[in-house]
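Student: Need coordinates for the below:
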Amino acid sequence: MRTGMRRLKGMRMPMGMQRLMRMRRPTRMRRPTKMRRLTGMRTVLGAAGLALMALGAVLLWGQATHWDVVIWLAGAIVVHDGLIAPLVLGAGLVLGGLRNRGLLRGALLSAACLTLIALPLLLRPLPTANPSVLPLNYPRGLLISLAVVAAVAGLAGVVRRGRAGSNRRRPKAR
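Tutor: Below is the predicted model of the structure:
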């Protein structure tokens with residue numbers, strides 16, 4: 001009789017079987033082979049990442065402008081922790097109770113990425129010596145891109161709502 005089987009009421013097990021059941025210890029579960037391979041791969045990738053970071057630090061320290069890079073990295077940390085992270089957390093709190101919050105989060109993430117990509121072009125100095133350097137109207141392009149993201153997100157929300165409504169009207173199959 002296996003340990004996983006239930007005993008019937010009134011049935012007794014032989015005494016030897018009872019001793020075996022008490023003595024038997026649960027076998028220790030081993031990780032599957034795939035999981036062991038993944039752990040080894042993580043170790044290799046982590047070691048390679050640390051080696052590349054050390055190489056980058058050595059190459060950076062050999063240049064004359066390493067303090068400028070250190071100041072820029074410190075500024076990036078301050079901007080992230082002081083501005084970007086609180087804005088993302090606030091948006092998550094505001095969007096917490098909405099129905100299509102995943103769709104809205106995706107649209108906001110796309111809009112943030114577009115804005116970050118366009119930010120250097122938006123903050124450029126206005127008068128340039130060469131008019132062909134930045135010839136386009138970048139604020140208008142950003143607004144058009146953000147409008148496309150909003151329209152696609154809105155259309156996806158309408159389609160999702162329509163599908164959910166059509167699924168509710170169908171009777172369940174028995």
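
Student: Give the other helices and strands that the longest helix along the chain contacts.
Tutor: Ranked by residue count and defined by DSSP state H, the top helix of the chain is helix 138-169. Under the contact criterion of 3 or more Cβ pairs under 8 Å, 6 or more residues apart in numbering; DSSP states H and E, helix 138-169 touches helix 101-122. Backbone N, C-alpha and C define where each C-beta goes, glycine included.

Student: Would you report the backbone torsion angles of residue 131?
Tutor: phi -70, psi -10 (degrees, to the nearest 10).

Student: Okay, and residue 130 sits in which element?
Tutor: Assigned by DSSP states H and E, residue 130 belongs to no helix or strand.

Student: Residues contacting the helix or strand hosting residue 76, please?
Tutor: Taking DSSP H and E as the criterion, residue 76 maps to helix 66-79. Defining contact as Cβ atoms under 8 Å, 6 or more residues apart in numbering, one finds that helix 66-79 is touched by residue 60.

Student: After it, which helix or strand is next? Please name it.
Tutor: Note on helix 66-79: by DSSP H and E, the next helix or strand toward the C-terminus is helix 85-94.

Student: quick check: angle from that following helix to helix 101-122?
Tutor: Calculated by axes from the mean of the first three to the mean of the last three Cα atoms, to 10 degrees, helix 85-94 forms an angle of 150 degrees with helix 101-122.

Student: Helix 85-94 versus helix 66-79: what angle between them?
Tutor: Going by the same axes, to 10 degrees, helix 85-94 makes 20 degrees with helix 66-79.

Student: Tell me how many other residues surround residue 142.
Tutor: The tally of other residues near residue 142 (other Cβ atoms under 10 Å) stands at 18.

Student: swap in residue 64?
Tutor: 6.

Student: That one and residue 88: what is the separation?
Tutor: Computed as Cβ to Cβ, to the nearest Å, the residue 64 to residue 88 distance reads 36 Å.

Student: separation between residue 51 and residue 57?
Tutor: In terms of Cβ to Cβ, residue 51 sits 11 Å off from residue 57.

Student: try residue 73
Tutor: 11 Å.

Student: same question, residue 103
Tutor: From residue 103 to residue 57 the distance is 41 Å (Cβ to Cβ).

Student: higher neighbour count, those two?
Tutor: Per other Cβ under 10 Å, whichever of residue 103 and residue 57 has more neighbours is residue 103, with 16 against 11.

Student: Would you confirm that that one contacts residue 161?
Tutor: No: taking contacts as Cβ atoms under 8 Å, residue 103 lies outside contact range of residue 161: 10.3 Å.

Student: Any idea which helix or strand in the protein has the lowest mean pLDDT?
Tutor: helix 15-23 (a mean of 64; mean pLDDT, DSSP states H and E).
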